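>>> I need the structure of the sequence given here:
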Amino acid sequence: MSDFLAALGLAVVIEGVLYALFPAHMKRMIVSILEMPEGKMRLVGLAMAGIGVLIVWFVRG
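Down below sits the predicted model:
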């Protein structure tokens, strides 16, 4: 459980740093995400989840 919380904390840190360093770009990205069709968002989300699982598998294996 501590590994999960550490990973979650790291994700929040990375996202916070991106918003702090590139606020205008992050706003544009949010607008483009809002305009994206739901099917494409679902596909991108599943692909990113799969990539995350693979990364964890390689690092922990």
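>>> next SSE after the helix or strand residue 29 falls within?
Per DSSP states H and E, residue 29 falls inside helix 23-35. From helix 23-35 onward toward the C-terminus, using DSSP H and E, the following helix or strand is helix 38-60.
>>> Average pLDDT for the helix holding residue 29, rounded please.
The average pLDDT within helix 23-35 is 95.
>>> buried residues in it?
Using 16 or more other C-beta atoms under 10 Å as the burial criterion, none of the residues of helix 23-35 qualify. Using the backbone N, CA and C atoms, a C-beta is placed for each residue, glycine as well.
>>> With stretch 6-23 instead?
Per 16+ other C-beta under 10 Å, stretch 6-23 contains no buried residues.
>>> what's it in contact with?
residue 26 (C-beta atoms under 8 Å, 6 or more residues apart in numbering).
>>> 856 is where my numbering starts, stick with that
Happy to do that; since the first residue is 856 now, the last one works out to stretch 861-878.
>>> re earlier: dump the helix holding residue 884 to PDB, keeping only the CA atoms.
Only the C-alpha atoms of helix 878-890 are listed here, as PDB (Å, rounded to 0.1, in the frame of the first residue of the first chain):
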ATOM      1  CA  PRO A 878       0.200  27.200 -17.200                       C
ATOM      2  CA  ALA A 879      -0.700  28.500 -20.600                       C
ATOM      3  CA  HIS A 880       0.100  25.200 -22.300                       C
ATOM      4  CA  MET A 881      -1.900  23.200 -19.700                       C
ATOM      5  CA  LYS A 882      -4.900  25.500 -20.300                       C
ATOM      6  CA  ARG A 883      -4.700  24.700 -24.000                       C
ATOM      7  CA  MET A 884      -4.400  21.000 -23.300                       C
ATOM      8  CA  ILE A 885      -7.500  21.100 -21.100                       C
ATOM      9  CA  VAL A 886      -9.500  22.800 -23.800                       C
ATOM     10  CA  SER A 887      -8.400  20.200 -26.400                       C
ATOM     11  CA  ILE A 888      -9.300  17.400 -24.000                       C
ATOM     12  CA  LEU A 889     -12.800  18.900 -23.500                       C
ATOM     13  CA  GLU A 890     -13.300  19.000 -27.200                       C
END
